[in-house]
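> Attaching a predicted model along with its sequence, questions to come.
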Amino acid sequence: MSVFTQLTTTQVATWLDAYPLGSLETLTGIAEGVQNSNFFLSTSTGDYVLTIFEEVAPDQAPFYIRLMAHLAAHAIPCPAPVANRRNEYLTWLGGKPAVIVSRLAGRSERAPNLAQCAAVGAMLAALHLAARSFPAPQRHHRDTDWCARAAKEIAPFLAADDARLLDDELRHQQAARPDELPQGLIHADLFRDNVLFSGDRVSGVLDFYFSGVDDLLFDLAVTVNDWCVTAKATLDGQRCAALLGAYDARRPLLPAEQAAWPTLLRAAALRFWVSRLHDHHLPRPGDLVARRDPDAYRSILQARVASGDEAPWLASPAQGD
Ligand SMILES: Nc1ncnc2c1ncn2[C@@H]1O[C@H](COP(=O)(O)OP(=O)(O)O)[C@@H](O)[C@H]1O
Ligand SMILES: N[C@@H](CCOP(=O)(O)O)C(=O)O
């Protein structure tokens with residue numbers, strides 16, 4: 001999971017008295033996610049998700065709650081925070097900050113079809129546009145500087161080849177990533193498990209807890225690296241064309257962004273390789289923790305490095321498997 005915090009039903013039932021949500025019926029830990037403790041919560045009035053913030057500092061949690069409320073008000077299907085009787089969204093449970101949000105319909109798709117890839121590209125562009133009016137956004141924390149800091153912490157655990165790859169890529173990013181690409185609020189973790197579909201329609205965009213301001217193109221690269229990856233870690237040209245085409249139709253990409261695309265694909269691969277390595281070598285104590293495979297992202301980084309400037313773009317021919 002990620003259920004780092006254990007709760008008793010009595011504890012939650014008592015806490016729930018402060019909400020206008022009726023009585024507790026069921027509470028089930030969610031066996032996905034690596035960042036927070038999440039529970040499906042059913043009460044006599046409906047179905048919700050209870051999130052206990054494990055890594056999010058209490059002073060940062062209101063940012064994410066306001067962001068979800070803003071996006072939900074701008075037609076992005078993201079979880080809507082639920083207030084207690086004192087009109088508070090963020091409360092304390094088990095000594096940690098906690099929030100109840102609406103439970104969204106649909107299910108995530110491990111093997112998305114082209115229509116679903118296009119729907120995700122369109123949704124990401126809509127999210128970037130809707131977030132333009134969000135006041136006082138914070139920086140994206142897991143940027144290249146974070147990767148460099150985390151790389152120092154994991155360095156003692158790495159084999160020589162991995163250490164070299166990591167070092168080379170950090171240097172490449174510091175030298176080659178342009179610093180004047182269009183920026184805005186990014187989701188920063190729009191993997192397949194963070195999107196719910198009802199048919200081919202996106203019915204849920206989840207998990208905004210890495211969000212912050214960074215290059216919009218970085219968000220697109222994070223998304224493409226996950227949604228369009230093949231079994232060989234290369235990119236599938238058809239899925240790329242569907243996702244990128246739908247994004248570009250809503251927020252046309254600038255020539256500078258097209259030129260920077262291969263570097264940003266590498267930056268996105270690096271960020272998740274580093275975080276997975278960090279979680280692997282320096283795990284937090286927790287029950288049933290779902291750790292992600294760092295090697296998968298090493299392969300993705302290596303594949304992006306190997307493809308050089310040949311990264312699939314809008315109407316490129318099918319590549320990969
Ligand atoms: N509001 C929601 N509606 C429906 N399912 C949800 C909701 N929030 C979380 N989930 C489910 O819980 C899983 C983990 O949630 P996530 O926010 O990704 O956790 P973490 O913050 O730990 O990464 C999701 O993949 C999804 O299956
Ligand atoms: N998507 C990341 C892990 C981040 O965890 P999430 O459950 O919050 O999406 C990865 O795959 O490494």
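Yep, it's here. Residues are numbered from 1 along each chain as shown. Ligands and ions are numbered 1, 2, ... in the order given.

> mind checking pLDDT for residue 226?
Residue 226 is assigned 98 on the pLDDT scale.

> Give me every residue in this structure lying close to ligand 1.
Counting by C-beta under 6 Å from any ligand atom, the chain comes close to ligand 1 at 2, 30, 32-36, 38, 49, 79, 101, 103-104, 193-194, 204, 206-207, 209. Every C-beta, even on glycine, is put in place using the N, C-alpha and C of the backbone.

> Residue numbers of the stretch 51-200 of the chain in contact with ligand 2?
By C-beta under 6 Å from any ligand atom, the part of the stretch 51-200 of the chain that sits against ligand 2 consists of 189, 191, 194.

> Tally up the residues packed near the closest residue to the second one other than its chain neighbours, please.
When you say that, I think you mean residue 191. Nearest residue to residue 191, sequence neighbours excluded (C-beta to C-beta, 6 or more residues apart in numbering): residue 226, at 4.5 Å. Per other C-beta atoms under 10 Å, the neighbour tally for residue 226 reads 22.

> so how far is the helix or strand harbouring residue 226 off the chain centroid?
Here residue 226 is covered by helix 216-227, with elements defined by DSSP states H and E. Distance of helix 216-227 from the chain centroid (C-alpha atoms, centre = their mean, to the nearest Å) equals 10 Å.

> For the helix or strand just after it, buried residues please.
Sequence-wise, the next helix or strand downstream of helix 216-227 (DSSP H and E) is helix 237-250. Within helix 237-250, the residues that qualify as buried by neighbour count (16 or more other C-beta atoms under 10 Å) are 237-248.

> what do you get for stretch 50-60?
So, applying 16+ other C-beta under 10 Å, buried residues of stretch 50-60: 50-54, 56, 60.

> centre of the chain versus that stretch, how much separation?
Using C-alpha atoms, centre = their mean, the distance between the centre of stretch 50-60 and that of its chain works out at 15 Å.

> got the contact list for that stretch?
With contacts defined as C-beta atoms under 8 Å, 6 or more residues apart in numbering, stretch 50-60 is touched by 2, 4-5, 7, 12, 27, 35-41, 61, 64, 90, 93-94, 96-101, 138, 209, 284, 286.

> Run a quick neighbour tally on the closest residue to ligand 1 within the stretch 201-321 of the chain.
With C-beta to the nearest ligand atom as the measure, residue 207 is the residue of the stretch 201-321 of the chain nearest to ligand 1, at 3.4 Å. The local packing count at residue 207 equals 25, with neighbours defined by other C-beta under 10 Å.

> Isn't it up against residue 194?
Yes. Between residue 207 and residue 194 there is a contact at 4.5 Å, judged by C-beta atoms under 8 Å.

> Quick check: neighbours shared by those two?
Applying C-beta under 8 Å, 6+ apart, one finds that no residue jointly contacts residue 207 and residue 194.

> Residue ranges in this structure under the pLDDT threshold?
1-4, 33-34, 285-290, 311-321 (pLDDT under 70).

> what residue lies at the spatial centre of it?
Taking C-alpha atoms, centre = their mean, the centroid of the chain lies closest to residue 189, which sits 1.7 Å from it.

> List the buried residues of stretch 141-153.
Residues 142-144, 147-148, 150-151 are the ones in stretch 141-153 that count as buried (16+ other C-beta under 10 Å).

> centre of the chain versus that stretch, how much separation?
In terms of C-alpha atoms, centre = their mean, the gap separating the centre of stretch 141-153 from the centre of its chain is 17 Å.

> List the contacts of it.
166-167, 170, 173-174, 177, 188, 210, 212, 214, 267, 270-271, 274-275, 277-278, 282.

> Check the residues you listed for burial and list the buried ones.
166, 170, 173, 177, 188, 210, 212, 214, 267, 270-271, 274-275, 277-278.

> how about these, which pair is most distant?
Using C-beta to C-beta, the pair of the buried ones among the contacts of stretch 141-153 lying farthest apart is 166 and 212, separated by 22.8 Å.

> Tell me the secondary structure at the closest residue in space to residue 293 that isn't next to it in sequence.
Residue nearest to residue 293 in three dimensions, not counting chain neighbours: residue 276, with 6.8 Å by C-beta to C-beta, 6+ apart. Residue 276 falls in the helix class when you classify it by DSSP: H, G, I helix; E, B strand; the rest coil.

> what's the burial count for residue 276?
The number of residues packed near residue 276 is 19, by other C-beta under 10 Å.

> Distance check, it against residue 170.
Applying C-beta to C-beta, to the nearest Å, the value for residue 276 to residue 170 is 16 Å.
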